[in-house]
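> one predicted model, sequence on top.
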Amino acid sequence: MNGIDSIEQKNLFKQGKVEVPFEFKHVISHFYYAQNNSLNTIKRTLFPSFQSLCIFNFKSKLSFINKNKSQITIDKYLLLGPVKQAIDYLMPPNSEILVLNFKDDAFYRFFGASADEIDSGHCVANKFYEHCFTAIWQEIEKLKCNTERIDFILDFCRPYLSARNQVIEPLLNARNNTADPIKMAADFLQKSVRHIQVHHKKYFGFTAKELHRYQRFLKTTHYLDKLLHNNSPLDWLPIALSCGYYDQSHFIRDFKYYLNCTPSQYISSRNSICT
């Protein structure tokens, strides 16, 4: 393939983010879309976001590959979440996806269960959810414009959003104000630490300890992006220490855990990682 062909193929792959109206800002972070109109299968990596996702697939079937190299083929839709480790996916020619990114406790507020409970079949009402997402897909598949699809999804979701549990707001407020949000929320609500821990896992889909580790890693990737943007030298040990890691091996271990690659490999593959 010559240089001109490469440019044309690249231009035939489209992707982007769509912000949601203010009404939904507290429950949906954004929509992501991608469309492959090229002649090649395109590989992308889904960055761990600790969010639950609903991926709607149109046209050609999509394939997701996890860390263990197991492959899942998507026909209509797939529930994922919370996404704690990177997942590779393959978009064949003539494929298109629209991804809804749930925020904080939003998935639980809409459906009364976590995404992993529903996806695993452990939820007693998961047949209802299967019908729900199938019904959404059948309607939005008829629409050719992402704006119309997103409007339909938001209108569909609006009546089903339940009130937020009283534990959640203090936990969200404590995240940015203390190193121990569980204890702060427990003191505020006059509940036991164990009670708050259970509710954190139930409504968010992960523990506060898992979140703390992830936030350190996310801060690190943002710092690396800033260094690269400024053409600054990458000296791994000072970077690791400044981001809260004990040493360089501790730093590398987190990259392998979340992205299944080293920091250097992350730098070279950033353009294929979707957030």
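Alright, I've got the coordinates.
> pLDDT weak spots in this protein?
1-10, 116-131, 275 (pLDDT under 70).
> the domain parsing of this structure - what is it?
3-160, 168-206, 216-274 (automatic domain parsing).
> got the buried residues for the second one?
Under the neighbour-count criterion of 16 or more other Cβ atoms under 10 Å, domain 168-206 has 168, 170-172, 174-175, 181-182, 184-186, 189, 196-197, 199-200, 203-206 buried. All C-beta atoms are positioned from the backbone trio N, CA, C, and that covers glycine.
> in this protein, where's the longest helix?
helix 208-229 (DSSP state H).
> gap between that one and the chain center?
Chain-centre distance of helix 208-229: 15 Å, with Cα atoms, centre = their mean, to the nearest Å.
> pull out the buried residues from whichever helix or strand comes after it.
Beyond helix 208-229 on the C-terminal side, the first helix or strand identified by DSSP states H and E is helix 236-242. The neighbour-count check on helix 236-242 (16+ other Cβ under 10 Å) flags 239-240 as buried.
> and the strands in the chain?
13-18, 28-36, 42-46, 53-59, 62-65, 71-74, 77-80, 87-91, 95-102, 273-274 (DSSP state E).
> direction included, what does the first one pair up with?
Strand 13-18 pairs in its sheet with strand 28-36 (antiparallel), by DSSP bridges.
> now the partner strand and strand 53-59, what's the angle there?
30 degrees (axes from the mean of the first three to the mean of the last three Cα atoms, to 10 degrees).
> which residues touch strand 28-36?
12-20, 42, 44, 51, 91-103, 106, 146, 150, 154, 274 (Cβ atoms under 8 Å, 6 or more residues apart in numbering).
> quick one, it and strand 87-91 angle?
40 degrees.
> give me the buried positions along strand 28-36.
28-36.
> got it, and stretch 243-260?
243, 245, 251-252, 254-255, 257-260.
> out of those residues, which two sit at the greatest distance?
Cys243 and Asn260 (19.3 Å; Cβ to Cβ).
> let me have the buried residues of stretch 243-260 in a markdown table, extended by distance to Tyr214.
A markdown table is the format used below for the buried residues of stretch 243-260 (distance: Cβ to Cβ, whole Å):
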| residue | distance to Tyr214 |
| --- | --- |
| Cys243 | 13 |
| Tyr245 | 14 |
| Phe251 | 14 |
| Ile252 | 16 |
| Asp254 | 9 |
| Phe255 | 12 |
| Tyr257 | 10 |
| Tyr258 | 7 |
| Leu259 | 12 |
| Asn260 | 15 |
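> measure how buried Ser49 is and give me the count.
20 (other Cβ atoms under 10 Å).
> for the buried residues of strand 28-36, which one is nearest His222?
For the buried residues of strand 28-36, the nearest to His222 is Ser29 (15.9 Å; Cβ to Cβ).
> ok, the closest one to Asp187 distance?
As judged by Cβ to Cβ, to the nearest Å, Ser29 and Asp187 stand 29 Å apart.
> what sits closest to Pro233 if chain neighbours are left out?
Spatial nearest neighbour of Pro233, excluding adjacent residues (Cβ to Cβ, 6 or more residues apart in numbering): Leu227 at 7.9 Å.
> number of residues surrounding the one you found?
Count around Leu227 with other Cβ under 10 Å applied: 15.
> for it, which residues are in contact?
By Cβ under 8 Å, 6+ apart, the contact set of Leu227 is 233-234, 239.
> quick one on the thing from earlier: which of the strands of the chain is buried the deepest?
Greatest average neighbour count among the strands of the chain goes to strand 95-102 (a mean of 22), per mean count of other Cβ atoms under 10 Å.
> packing partners for it?
strand 28-36, strand 53-59, helix 146-157 (3 or more Cβ pairs under 8 Å, 6 or more residues apart in numbering; DSSP states H and E).
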